[in-house]
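Colleague: when you get a sec, could you give me coordinates for this:
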Amino acid sequence: MIDQLVEQIEARFSELEGQMSDPAVIADRERYAEVGREYRDLQPARELAGEYSTLKDDLEGARELLAEAEDAEMRKVVDEAPARLAELEEEIRLAMVERDPNDDKNVIVEIRAGTGGDEAALFAGDLYKMLTRYAEERGFSTEILSQSVSEVGGFKEVTLGVKGDGAYSVFKFEGGTHRVQRVPETESQGRIHTSTATIAVLPEAEEVEVEVDQNDLQVDVYRSSGPGGQSVNTTDSAVRITHKPTGIVVSMQDEKSQLQNKDRAMRVLRARLYERELAEQQAKIASERKAQVGSGERSEKVRTYNFPQGRVTDHRIKLTSHNLDGVLGGDLSEFTDALAAEEKRQRLETATVG
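Modeller: Numbering: from 1, shown residues only. A predicted model of the protein is given here:
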């Protein structure tokens, strides 16, 4: 079974290599990008398959030589190779687990202050900084689509777009309820308070993926206002779009142009409708088996940031980091890598069971 899989990986990789230098493929930009993406995705599995084939040949050769005469080096290969081959077999299967079809997409991230009043808004601001720094570190670009700033600092809510190849594969694990335990600056007794903020990560949907019937929309325009109700605009540039069949409402007022606000509102609306469709599919699958890591369930408590002890714990995989400042500074790779590995394991388990 594994030998067959290794052969398939080698054959497909070789085929893709040929296509990458085929003038007809190079001339077709879309096709070339598609082939390039599959080539890059298959590379880790191909490297593991190469190591597996080489080690298997070495083991067979060592056994043949040992049948003729004892040799310490060959004996070592025979003793150690089977365990490594078993490891490689597992690694190859994991590398070939079908990816989430949304992994390559851009994302829309919504951060909202939860319980905890002013402290929750400040924490929402911390999470915003953490995610934008992480995005920069991964080479993604970010833009604020809408924001409601808190008077004490931070945000009541903020929506940002993150663009880059594979943005969803990285950010999807941030969805859920994030909890902070610390002494607020306003706390005179030095007591630790617990506050929360929620993050929703929506794969950004293309127009072709989510068809929105204009008859299903109620579009209201109104005058945007700044903090304290002061008018920031003398024209009706703010836009509120209500999707009547689902009751989803999206408001945008950050841009001076009504058209720009409408475009941004439609981006967020499409992403929310797409997420709703995904959630329905996942609910159907989850009723047949246990829910997967990274399902983005907003009610799920995903991570706790404990300031007195300087640690961050991800509750889904029971992983604790004692680098609180680093994590809040955007160093999230340890969590992303561990959560991605767990998601792959669960997908493999499901594929095996199913």
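Colleague: ok, D314 - contacts?
Modeller: Contacts for D314 were tallied using CB atoms under 8 Å, 6 or more residues apart in numbering; they are V302, R303, T320, F335, A338, L339. The C-beta positions use only the backbone N, C-alpha and C, and glycine is treated the same way.
Colleague: ok, now Y222?
Modeller: Contacts of Y222 (CB under 8 Å, 6+ apart): D236, A238, R240.
Colleague: how about a cut-off of 10 Å?
Modeller: The contact partners of Y222, by CB atoms under 10 Å, 6 or more residues apart in numbering, come to N233, D236, S237, A238, V239, R240, S251, Q253.
Colleague: surely L59 meets A81?
Modeller: Yes: at 4.2 Å, L59 and A81 qualify as touching, with contact defined as CB atoms under 10 Å.
Colleague: inside strands: which ones of the contacts of D314?
Modeller: V302, R303, T320 (DSSP state E).
Colleague: distance of the second one from I241?
Modeller: Going back to what we said before, that points to R303. Per CB to CB, to the nearest Å, R303 is found 32 Å from I241.
Colleague: so for these two, which residue has more residues nearby?
Modeller: Neighbour comparison, R303 and I241: the larger count goes to R303, with 23 against 20 (by other CB atoms under 10 Å).
Colleague: per-residue pLDDT, the more buried one?
Modeller: Looking at R303, its pLDDT is 95.
Colleague: these two touch, right, it and R316?
Modeller: Yes: between R303 and R316 there is a contact under CB under 10 Å: 8.4 Å.
Colleague: beta partners of R240?
Modeller: D220, S251 (DSSP bridges).
Colleague: quick revisit: who wins on neighbours among the contacts of D314?
Modeller: Highest count within the contacts of D314 by other CB under 10 Å belongs to V302, 25 neighbours.
Colleague: that one: what's it in contact with?
Modeller: Taking CB under 10 Å, 6+ apart, we find V302 in contact with 173-179, 198-199, 293-294, 296, 313-317, 335, 339.
Colleague: which of those fall within strands?
Modeller: Filtering those for strands - DSSP E - leaves G176, T177, H178, R179, T198, I199, T313, D314.
Colleague: three-state assignment of E187?
Modeller: coil (DSSP: H, G, I helix; E, B strand; the rest coil).
Colleague: residue contacts, it?
Modeller: E119, H193.
Colleague: if we go to 7 Å?
Modeller: Residues in contact with E187 (CB atoms under 7 Å, 6 or more residues apart in numbering) are H193.
Colleague: do the one 10 residues further on as well
Modeller: Taking CB under 7 Å, 6+ apart, we find A197 in contact with I111, R112, A113, G114, A120, F123, A124, L127, H178.
Colleague: confidence score at the closest residue to the fourth one other than its chain neighbours?
Modeller: With CB to CB, 6 or more residues apart in numbering as the criterion, G114 has its nearest non-adjacent residue at 3.6 Å, and that residue is T196. Turning to T196, the model gives it a pLDDT of 92.
Colleague: and the one 3 residues further on, by the same measure?
Modeller: Among the per-residue scores, I199 holds a pLDDT of 92.
Colleague: could you work out the end-to-end span of stretch 138-152 for me?
Modeller: 30 Å (CA to CA, to the nearest Å).
Colleague: contacts for that stretch, please.
Modeller: 108, 118, 121-122, 132, 135, 155-164, 167, 170, 227, 252, 254, 264, 268.
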